[in-house]
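Chemist: Pasted the sequence and its predicted model underneath.
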Amino acid sequence: MTQPARPLAKLSESVTQRLNGYALAAGAAGVGVLALAHPAEAKIVYTPANIPIVQNGGPVDLDLNHDGINDFQFSNFLSTPAMRKPEGFHQSSLGVYPIQLSNRVVAVKSNGIFAAAALHKGKTVGPHSPFQPTHVGLNMWACAGGTSGFGCDGPWYKVNQGYLGLKFVINGTTHFGWAHIKQVGVTSPTITGYAYETVPNKPIVTGKKKGTEKIGTEQAVSARPTQAPTLGLLAMGAPGLSVWRRKELALEGN
């Protein structure tokens with residue numbers, strides 16, 4: 001024979017308050033866990049390289065983040081006898097060109113003209129760096145001369161190695177990077193490595209090849225999970241809640 005359904009018991013006001021308190025505590029604990037889960041990560045992506053920039057070998061492209069979009073282009077030009085006009089005049093130069101319209105190179109003035117800066121290791125490249133003001137190619141060094149004389153100039157002239165500070169765009173956001181270049185004299189420049197920062201608008205330090213940083217750590221710490229009362233403690237009533245409260249105070253003191 002089917003048993004008659006038992007009538008629902010009406011909870012007392014004190015039990016209802018304890019259950020509501022448990023639900024709120026459990027919800028707070030859940031929020032704390034969510035706050036700690038998977039914070040954003042800033043990361044430097046470094047690529048070792050051995051890319052020679054050969055004289056009269058044509059342009060050399062550099063794709064900093066390997067997305068198939070070339071970001072910068074290098075050229076190493078030397079005039080040949082057939083190009084000399086007037087007779088005896090010759091020239092050579094090493095230059096860098098930001099391919100995409102928003103890309104830029106850290107620049108300095110050389111004889112009143114902007115040129116690509118030769119940065120030392122440990123320099124910060126970021127939003128406040130002195131990037132070139134317009135989208136044009138920049139000389140790293142240049143030489144010219146003829147029968148009456150010959151001269152060379154530029155930040156990279158007689159520099160054995162240095163770093164270019166770079167700004168480029170990934171999916172509409174600005175990122176910063178660097179390229180390390182070694183030279184033997186001025187005839188054999190080689191790109192030996194390059195890096196960029198994955199977080200938009202976050203500065204990078206020349207020569208720094210690795211490093212991660214958790215973004216949102218302060219928020220995660222402030223949202224420490226709350227220790228919710230267990231069902232066993234709730235069943236004990238007021239004494240159980242007192243035990244839970246003492247545990248909470250002990251956690252807060254740590």
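Modeler: Nice, thanks for sending it over.
Chemist: all contacts plus neighbour counts: C-alpha atoms, from now on.
Modeler: Will do.
Chemist: what residue ranges in this structure score low on pLDDT?
Modeler: Residues of the chain meeting the criterion pLDDT under 70: 1-42, 80-89, 146-150, 185-186, 212-254.
Chemist: Can I get the top strand by length along the chain as CSV, trimmed to CA atoms?
Modeler: Longest strand of the chain, by residue count under DSSP state E: strand 40-52. The C-alpha trace of strand 40-52 is given here as CSV (Å, rounded to 0.1, in the frame of the first residue of the first chain):
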residue,chain,number,x,y,z
ALA,A,40,46.4,36.6,-17.6
GLU,A,41,50.1,36.0,-18.3
ALA,A,42,52.6,38.5,-19.7
LYS,A,43,55.3,36.7,-21.6
ILE,A,44,58.4,37.5,-23.7
VAL,A,45,58.7,35.5,-26.9
TYR,A,46,62.3,35.2,-28.0
THR,A,47,63.5,33.8,-31.3
PRO,A,48,67.2,33.0,-31.8
ALA,A,49,68.3,33.7,-35.4
ASN,A,50,71.2,33.8,-37.8
ILE,A,51,70.0,36.1,-40.6
PRO,A,52,72.7,37.8,-42.6
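Chemist: Next secondary structure element downstream of that strand?
Modeler: strand 60-62 (DSSP states H and E).
Chemist: quick one: strands adjacent to that next one?
Modeler: strand 72-78 (antiparallel) (DSSP bridges).
Chemist: buried residues in the partner strand?
Modeler: Residues of strand 72-78 classed as buried by neighbour count (16 or more other Cα atoms under 10 Å): 72, 73, 74, 75, 76, 77, 78.
Chemist: isn't residue 43 right up against residue 211?
Modeler: Yes - in this structure, residue 43 is within contact of residue 211 by Cα atoms under 8 Å, at 5.9 Å.
Chemist: ok, those two, which is more surrounded?
Modeler: residue 43 (18 against 11; other Cα atoms under 10 Å).
Chemist: Can you say which helix or strand has residue 192 in it?
Modeler: strand 190-197.
Chemist: Give the other helices and strands that that strand contacts.
Modeler: Counting contacts by 3 or more Cα pairs under 8 Å, 6 or more residues apart in numbering; DSSP states H and E, strand 190-197 packs against strand 40-52, strand 173-182.
Chemist: Same list, those, but as CSV with distance to residue 95 please.
Modeler: Shown next, in CSV, are these (distance: least, Cα to Cα, whole Å):
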stretch, distance to residue 95
strand 40-52, 13
strand 173-182, 12
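Chemist: what's the most buried one of the ones you listed?
Modeler: With neighbours taken as mean count of other Cα atoms under 10 Å, the helices and strands packed on strand 190-197 reach their highest mean count in strand 173-182, at a mean of 23.
Chemist: Just after the strand holding residue 192, pick out the following helix or strand.
Modeler: Counting by DSSP H and E, what follows strand 190-197 is strand 204-205.
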